[in-house]
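Novice: Please work out how this folds:
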Amino acid sequence: MPGAPLPTARTVGDWIAFGDAQTAQLDKANGRTGDAIDIIARCEARDRAAVKRVEPRRVLGVF
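Specialist: Have a look, this model is predicted:
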């Protein structure tokens with residue numbers, strides 16, 4: 001994800017706007033990491049449930 005473009009003017013306001021834009025880019029990038037971790041966790045839970053449903057069941061506690 002590209003960063004915010006550097007300001008061409010030398011005013012404080014332009015640099016503040018740059019800082020805000022750069023922080024927004026970082027927030028987007030960091031949010032994607034959390035989203036990916038959440039998706040993986042849900043997929044793993046789904047997979048565990050599927051494996052549990054197809055495992056052979058014991059008959060009378062012996063087999």
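Novice: From now on I want contacts and neighbour counts done on CA atoms only, so please keep to that.
Specialist: Noted.
Novice: Check which helix or strand Gln22 maps to.
Specialist: Using DSSP states H and E, the element containing Gln22 is helix 12-54.
Novice: Need the mean per-residue confidence for that helix.
Specialist: Mean pLDDT, computed over helix 12-54, is 90.
Novice: can you give me the offset of it from its chain's centre?
Specialist: Centroid separation for helix 12-54 versus its chain: 2 Å, with C-alpha atoms, centre = their mean, to the nearest Å.
Novice: what do you get for stretch 51-62?
Specialist: For stretch 51-62, the separation from the chain centroid amounts to 36 Å (computed by C-alpha atoms, centre = their mean).
Novice: Show me which positions of that stretch end up buried.
Specialist: Using 16 or more other C-alpha atoms under 10 Å as the test for burial, stretch 51-62 gives no buried residues.
Novice: got it, and stretch 11-30?
Specialist: Phe18, Ala21, Gln22, Gln25, Leu26.
Novice: okay, these in TSV with distance to Gly3 next?
Specialist: Below are the buried residues of stretch 11-30 laid out as TSV (distance: C-alpha to C-alpha, whole Å):
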residue	distance to Gly3
Phe18	10
Ala21	8
Gln22	6
Gln25	6
Leu26	8
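Novice: Enumerate every residue touching the closest residue to Asp14 other than its chain neighbours.
Specialist: Among residues not flanking Asp14 along the chain, Pro7 sits closest, at 6.0 Å (C-alpha to C-alpha, 6 or more residues apart in numbering). Pro7 sits next to Asp14, Trp15, Phe18 when contact means C-alpha atoms under 8 Å, 6 or more residues apart in numbering.
Novice: Thanks a lot, see you next time.
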